[in-house]
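Asks: Sequence plus the predicted model coming up.
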Amino acid sequence: ATDLQWWHAMTGANNEVVNQLAKEFNESQSEYTITPVFKGTYPETLNAGIAAFRSKQPPAIIQVFDAGSGVMMGAEGAIMPAAEVLQKGGFTFDKSQYLAGIVAYYSKPDGTMLSFPYNSSSPILYYNKDLFAKAGLDAEAPPKTWPDVFEAAKKIKASGAASCGFTSTWLTWIQTENLAAWNNVAYGTNENGLGGSDVKLEFNAPLFVEHFQAIADLAKDGTFRYGGRTSEAKQLFMSGECAILTESSGGLGDIVKSGVKYGIGQLPYYEGHGPQNTIPGGASLWVFGGKSDAEYAGIAQFFNFLSQTKIQARLHQVSGYMPVTNAAYEDTKASGFYDRNPGRETPILQMMGKAPTENSKGVRLVNLPQVRDIMNEEFESMLAGKQDAKAALDKAVERGNAAIAEAIGN
Ligand SMILES: O=P(O)(O)OC[C@H](O)CO
């Protein structure tokens, strides 16, 4: 059989899903073998893919996070568009079958689908019902706005219910990129990069400063606890140390397994600004160029396997990632899943509830992973008490703008 390596960044429950899907595909036919290979965090996986491409040893399929989409799109010639891969395998890619917001995010302006949507997510709020009850908060009413979250976090800490009220994974993706979209404020010029690569960052506007100063203030006595740059903070919620977590809907599988009595709320917003719509996160599957026809035929078959309604519906229901096809969404609805599992439709409703504005279509930069690193450095220095939110955001914007100008050759 032709061996097809699938490099990915999935851990825990999501890693089990990857292995299970590869196993089922391999058992369903005998011409191709999909071999999943874990390559570390999302940024590490992308770097491994770039290095492998440079040394002419790229895998067949690589999972690239949202932030890496602009990097991959810029690598003309290095990749084979997903729509073309499917065609090579004798399948037609029918855009209308996929959730609109997701297809748009992974397509070129002319509509060519570049990568195959595998795990799309939306950030949501998880809260620990037992700790809410202990703190005298209503365990059936998750906080709705950011000021509500900060108040609840203070009560949790002050009551001794938990040592930490609130934590968040991805300060970049959730607290900046999605904060902008969900509250309908600009992250940068040029539709946050969807209208063109020449972007001036604008995430040092007053709403961002207010938001990050509130977080920095709560961090002083540990009411907010920082976990790390990617998904690390999920652990602080699963261990019961922190009572509120904002995290990807795709974090659900591990949270279910942790046994914490959790509830789900929508992503908090600021009164007078949001809620608008969230932007898809997670990752998609990219195919490298220069492979043989047999390899492309196998990848096409695997993508076709993944598109089946029953697979998509299961992936969504087990992992918390969004169903990427309309049929999987409709089937899940019709099965009564959302009535039995409150909160599980939240990520989809957040993304699809309103038509996007120029502030909320997404964020696309040719070097978004690098800009996120810069932001993380400034946030970490802020959380360590070395600078206030205004200084952190001003510096991140200035350094980020310089990095973008260099990357696009200005
Ligand atoms: O945890 P995920 O897979 O939903 O990804 C979150 C972010 O979109 C990564 O940039």
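Replies: Great, that's in hand. This structure is a prediction, so every number in the text was calculated from the model and none was measured. Numbers count the residues shown, from 1 in each chain.

Asks: any idea which element the residue nearest to Phe337 when sequence neighbours are not counted lies in?
Replies: Nearest residue to Phe337 in three dimensions, chain neighbours excluded: Gln317, at 6.0 Å (Cβ to Cβ, 6 or more residues apart in numbering). Just so you know, the C-beta spots here come from the backbone N, C-alpha and C atoms, and that holds for glycine as well. Taking DSSP states H and E as the criterion, Gln317 maps to helix 309-319.

Asks: ok, is that helix in contact with the ligand or not?
Replies: No: on the criterion Cβ under 6 Å from any ligand atom, helix 309-319 is out of touch with the ligand, staying 9.3 Å away.

Asks: Now that helix: average pLDDT?
Replies: Model confidence over helix 309-319 averages 95 on the pLDDT scale.

Asks: before we move on, what about stretch 376-391?
Replies: 98.

Asks: What residues of that stretch count as buried?
Replies: Asn376, Glu378, Phe379, Met382, Leu383, Gln387, Ala389, Lys390 (16 or more other Cβ atoms under 10 Å).

Asks: Specify the local secondary structure of the last one.
Replies: Spelled out, it's Lys390. helix (DSSP: H, G, I helix; E, B strand; the rest coil).

Asks: got a pLDDT number for the closest residue to Leu114 other than its chain neighbours?
Replies: Counting by Cβ to Cβ, 6+ apart, Leu114 lies nearest to Pro81, which is 4.9 Å off, once chain neighbours are set aside. Pro81 carries a pLDDT value of 94.

Asks: Tell me how many other residues crowd the closest residue to the ligand within the stretch 301-410 of the chain.
Replies: Going by Cβ to the nearest ligand atom, the ligand is nearest to Tyr321 of the stretch 301-410 of the chain, at 6.9 Å. By the criterion of other Cβ atoms under 10 Å, Tyr321 has 29 neighbours.

Asks: Just to check, it is in contact with Ser249?
Replies: Yes: counting by Cβ atoms under 8 Å, Tyr321 does reach Ser249; the two are 6.5 Å apart.

Asks: Now list whatever residues contact both of those two.
Replies: Ser121 (Cβ atoms under 8 Å, 6 or more residues apart in numbering).

Asks: ok, which stretches of the stretch 151-300 of the chain are helices?
Replies: For the stretch 151-300 of the chain, the helices defined by DSSP state H, counting those that start in this stretch occupy 179-182, 189-192, 206-219, 234-238, 252-258, 293-307.

Asks: Of those, flag the one that's most buried.
Replies: helix 179-182 (a mean of 27; mean count of other Cβ atoms under 10 Å).

Asks: What is that helix packed up against?
Replies: With contacts defined as 3 or more Cβ pairs under 8 Å, 6 or more residues apart in numbering; DSSP states H and E, helix 179-182 has these neighbours: helix 206-219.

Asks: packing partners for the helix it packs on?
Replies: Partner elements for helix 206-219 (3+ Cβ pairs under 8 Å, 6+ apart): helix 146-159, helix 179-182, helix 368-383, helix 389-407.

Asks: Name the residues of this protein found near the ligand, please.
Replies: 42, 65-67, 119, 121, 170, 173, 231, 248, 250, 281-283.

Asks: Would you map the strands across the stretch 51-200 of the chain?
Replies: 61-65, 79-80, 116-121, 123-128, 164-168 (DSSP state E, counting those that start in this stretch).

Asks: so what strands line up beside the first one?
Replies: Partner strands for strand 61-65, per DSSP bridges, with pairing direction: strand 2-8 (parallel), strand 281-288 (antiparallel).

Asks: Hmm, Ala1 and Ala294 touching each other?
Replies: No: the criterion here is Cβ under 8 Å, and Ala294 misses it with Ala1 at 10.1 Å.

Asks: looking at it, Pro43 is touching Thr230, isn't it?
Replies: Yes: counting by Cβ under 8 Å, Pro43 does reach Thr230; the two are 7.5 Å apart.

Asks: quick one: average pLDDT of the helix or strand hosting Lys333?
Replies: Using DSSP H and E, Lys333 maps to helix 326-334. For helix 326-334, the mean per-residue pLDDT is 96.

Asks: Identify all contacting residues around it.
Replies: Contacts to helix 326-334, defined as Cβ under 8 Å, 6+ apart, come from residues 96-99, 309, 312-313, 315-317, 323, 338, 345, 348.

Asks: want to throw the strands of the stretch 51-200 of the chain into JSON lines with distance to Asp110 and mean neighbour count?
Replies: Shown next, in JSON lines, are the strands of the stretch 51-200 of the chain (distance: least, Cβ to Cβ, whole Å; neighbours: other Cβ atoms under 10 Å):
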{"stretch": "strand 61-65", "distance to Asp110": "20", "mean neighbour count": "27"}
{"stretch": "strand 79-80", "distance to Asp110": "16", "mean neighbour count": "20"}
{"stretch": "strand 116-121", "distance to Asp110": "18", "mean neighbour count": "26"}
{"stretch": "strand 123-128", "distance to Asp110": "29", "mean neighbour count": "26"}
{"stretch": "strand 164-168", "distance to Asp110": "36", "mean neighbour count": "27"}
